[in-house]
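Peer 1: For reference, the sequence and a predicted model appear below.
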Amino acid sequence: MQSRVFRRAGTCVLISAVAGSILLGAPPAAQAVKDPVRAAEAIGRYDTQQLTWKPCLDKAELPGLPAVYYRLECATMLAPRDWNVPQAGADLRIKVSRLKSVKAKNPAMLFTNPGGPGAEGAEFPFLLVSANRKKLLSTQDVYGMDVRGTGGSSNLTCGGVSDLTVDPRVRTEANIGLMLDAAELTAKACEVAGGDLRKYVTTAQTVQDVDLLRRLAGQEKVNWLGFSSGTWLGAHYATAFPQRAGRMVFDSNVEFTSTWQEAFNRQPLGFQRRFESDFATWMAKYHSVYGLGTTKKAVLASYEKLRSQMTPDAPVEDAATLDDIVASTLYAKVMFPDAAAVLMDLKNYVRAQSSGKFRTADKLAYKVRQRVTAIRRTGMRRTFSGDAASTTFLAVTCQDTAWTSGRDALVTASAEAGAKNPLIGWSTISQPCAFWKRPEEAKLPVPNGKDLPPVLMVQSEHDPATPIEGAQAAAAGFAGARLLTVKGEGDHGIYAGGNACVDKKVEKFLTTGKLPAAGATCKGTAAPKPGYGLSQASVLTGRTTNPLLAWRRIRELLSS
């Protein structure tokens, strides 16, 4: 799912309230009249627009990059605010990109999406460049998009929020009330600040934007490469436009045949499994380096002790923040050394403080803060904030499908999740979607794959954010789905991340249409050794072990 697919273990409290009336560029949907003739005329206007393509990167501002980076072109596409009533309201601006093939005479169209929902995707084609996917780039024109609500497209906002982090494991009446109040206030803030636009930032509207891009590109069909919630978007695009669906690859799959609530309900299990079976086991293997225990059980016990020792004066100020930092590193095993180093230095910091070695403690605190900053800057589990990406994430996940509402239901469900899977299970109490006023027009058909071409689904066994159980359920409920399981792997995002077996099978399907055999598997790549981490992963030259992490590092480097 998004850069951070699950909200932070804490609460979000509105600090910039939006009061009074909001000036909108469009009348409310209730005032719009559905007129088929006018609607057809309006859509015709969008279909005849001419996109002005220009290089996305300015060579004068960003010199020295490989030449292919300057070939990515960007444009602004106009789309209706509401595709159901396209003649009503102000247009939305949608940032799109393309990387044209330099070899193919009649290249296919490959639409890419990094997930989120709400992650900015216009620069996502850079991933295929950095990973040196020459075969794919020679046969396809690769497209990206900042979906409506985020990035360089018309933005959505919740009006400004800030984190007030509390430990979700503390189940006092006051703490529970604070977390529930914060979630409800966030939903209300989004309703007010988002105004009329909020109702139209949904998957149903976004798939229409994608098909508009297809028409403007002059293509009959769309090939698809979607990661995380890009699998949800792809399944719904194919369902809405079955005649336009080409060869579709879904990597790290949301349970797109169900609801967002069900997909998120699977996450506590996924994160706990990855934390215990992969990360803690890896740390135990390198006890001589990190010193937190020689067995998985010992490492987990050390973590719980360390968690209880976090105070406002420590470099990690509280237990909930430590949970979030660790969860951020579970998406990509290349980050295991970074997380392990944080835990090691925190343990030594506590020891130095307790023994009066304050100069040593200060040095360790500085190291921890530097490492945590790098993890948060690059990691895929971002803190909820009032920015457009996080707001789009909420709008899509809260509005696409119905949520069970009610405070008692949240308290009960989060307690059950926390008891079984404590790393993030308790934090599921902080759920604005339970208080969200869902528009009546926000309805989605359930994808079933009928009358669609085959879909290739790529899934690792221990994916924390989109657990394999959801992928298996989606594959079973989607006709023609072919699941490629990556054994002994837990990364979220696999293709173009250094797994030669996966890369070969995905590209064979995208370029020839030939699927792997039923039940096909690939072996996961090895976990890094201590010392390797974010600082050693060079993304512009193709050296990386996780595609979604690579993409975030590319964006970081290009914006620095």
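Peer 2: That came through, no problem. Residues are numbered from 1 along each chain as shown.
Peer 1: Which parts of the stretch 151-300 of the chain are strands?
Peer 2: Taking DSSP state E, counting those that start in this stretch as the test, the strands found in the stretch 151-300 of the chain are 161-164, 222-227, 245-251.
Peer 1: Could you look over those and pick the most buried one?
Peer 2: strand 222-227 (a mean of 27; mean count of other Cβ atoms under 10 Å). Bear in mind the C-beta positions are built from the backbone N, C-alpha and C, glycine included.
Peer 1: mind saving the C-alpha coords of it as CSV?
Peer 2: These are the backbone C-alpha positions of strand 222-227, laid out as CSV (Å, rounded to 0.1, in the frame of the first residue of the first chain):
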residue,chain,number,x,y,z
VAL,A,222,-3.1,-0.8,-21.3
ASN,A,223,-0.4,-3.1,-19.9
TRP,A,224,0.0,-2.7,-16.2
LEU,A,225,2.7,-2.8,-13.6
GLY,A,226,1.2,-2.0,-10.2
PHE,A,227,2.8,-2.4,-6.8
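Peer 1: Strand 245-251 and that one, what's the angle between them?
Peer 2: Angle between the axes of strand 222-227 and strand 245-251 is 10 degrees (criterion: axes from the mean of the first three to the mean of the last three Cα atoms, to 10 degrees).
Peer 1: per-residue pLDDT, the nearest residue to Ala240 once chain neighbours are set aside?
Peer 2: In this structure, Ala240 finds its nearest non-sequential neighbour in Val207, 4.9 Å apart by Cβ to Cβ, 6 or more residues apart in numbering. What the model reports as pLDDT for Val207 is 98.
Peer 1: Asn546 too?
Peer 2: Here the pLDDT value assigned to Asn546 is 89.
Peer 1: Determine the number of other residues adjacent to it.
Peer 2: Asn546: 25 surrounding residues under other Cβ atoms under 10 Å.
Peer 1: Next up, the contacts around it.
Peer 2: Neighbouring residues of Asn546 by Cβ atoms under 8 Å, 6 or more residues apart in numbering: 331-334, 491-493, 497.
Peer 1: Report the spatially nearest residue to it, omitting neighbours in sequence.
Peer 2: Spatial nearest neighbour of Asn546, chain neighbours left out: Ala332 (3.6 Å); criterion: Cβ to Cβ, 6+ apart.
Peer 1: circling back: can you pull the contacts of the residue nearest to Ala240?
Peer 2: 233, 236-237, 240-241.
Peer 1: Regarding Thr76, what is its secondary structure?
Peer 2: Classification of Thr76 using DSSP: H, G, I helix; E, B strand; the rest coil returns strand.
Peer 1: Check Arg307 too.
Peer 2: Of the three states, Arg307 takes helix under three-state DSSP.
Peer 1: pLDDT score assigned to the closest residue to it other than its chain neighbours?
Peer 2: Nearest non-adjacent residue to Arg307, counting by Cβ to Cβ, 6+ apart: Ala319, 4.6 Å away. If you check Ala319, the pLDDT there is 97.
Peer 1: Torsion angles phi and psi at Ala319?
Peer 2: Per-residue torsions, Ala319: phi -60, psi -40 (degrees, to the nearest 10).
Peer 1: still on that earlier bit, lowest-confidence stretch among the strands of the stretch 151-300 of the chain?
Peer 2: What stands lowest among the strands of the stretch 151-300 of the chain, in mean pLDDT terms, is strand 161-164, with a mean of 64.
Peer 1: Among the contacts of Val207, the buried ones, what's the PyMOL command?
Peer 2: Applying 16 or more other Cβ atoms under 10 Å to these leaves a buried subset, and the PyMOL line that selects it is:
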select buried, resi 233+236+237+240+241
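Peer 1: could you dump the contacts of Val207 to JSON lines with pLDDT and distance to Glu507?
Peer 2: Compiled in JSON lines, these are given as follows (pLDDT from 0 to 100; distance: Cβ to Cβ, whole Å):
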{"residue": "Leu233", "pLDDT": "99", "distance to Glu507": "21"}
{"residue": "His236", "pLDDT": "99", "distance to Glu507": "25"}
{"residue": "Tyr237", "pLDDT": "99", "distance to Glu507": "21"}
{"residue": "Ala240", "pLDDT": "98", "distance to Glu507": "26"}
{"residue": "Phe241", "pLDDT": "98", "distance to Glu507": "24"}
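Peer 1: so can I have TSV of the contacts of Val207 showing distance to Arg438?
Peer 2: Below are those laid out as TSV (distance: Cβ to Cβ, whole Å):
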residue	distance to Arg438
Leu233	19
His236	17
Tyr237	21
Ala240	19
Phe241	24
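Peer 1: sorry, back to before: can you tell me which of the strands of the stretch 151-300 of the chain comes nearest to Gly194?
Peer 2: Closest to Gly194 of those is strand 161-164 (Cβ to Cβ; 12.4 Å).
Peer 1: List the residues that contact Asp141.
Peer 2: Applying Cβ under 8 Å, 6+ apart, the residues near Asp141 are 98-101, 107-110, 217.
Peer 1: try 6 Å
Peer 2: Asp141 makes contact with 98, 100-101, 107, 109 under the criterion Cβ atoms under 6 Å, 6 or more residues apart in numbering.
Peer 1: strand partners of the helix or strand where it lies, parallel vs antiparallel please.
Peer 2: In this assignment (DSSP states H and E), Asp141 forms part of strand 140-146. Sheet pairing of strand 140-146 (DSSP bridges) gives strand 92-99 (antiparallel), strand 108-113 (parallel).
Peer 1: Between the ones you listed, which one is closest to Leu484.
Peer 2: The closest of these to Leu484 is strand 108-113. By Cβ to Cβ, the value is 18.2 Å.
Peer 1: after that closest one, next one along is what?
Peer 2: Following strand 108-113 in sequence order, the next helix or strand is helix 126-130 (DSSP H and E).
Peer 1: how far does that following helix sit from the chain's center?
Peer 2: Centroid separation for helix 126-130 versus its chain: 18 Å, with Cα atoms, centre = their mean, to the nearest Å.
Peer 1: name the helices or strands packed onto that helix?
Peer 2: helix 547-559 (3 or more Cβ pairs under 6 Å, 6 or more residues apart in numbering; DSSP states H and E).
Peer 1: Can you show me the CA trace of the strand holding Asp141 as CSV?
Peer 2: What follows is strand 140-146, C-alpha atoms only, in CSV (Å, rounded to 0.1, in the frame of the first residue of the first chain):
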residue,chain,number,x,y,z
GLN,A,140,7.0,-0.5,-24.1
ASP,A,141,6.2,3.2,-23.7
VAL,A,142,6.2,3.5,-19.9
TYR,A,143,3.6,5.9,-18.3
GLY,A,144,3.2,7.3,-14.8
MET,A,145,0.7,9.5,-13.0
ASP,A,146,0.4,11.6,-9.9
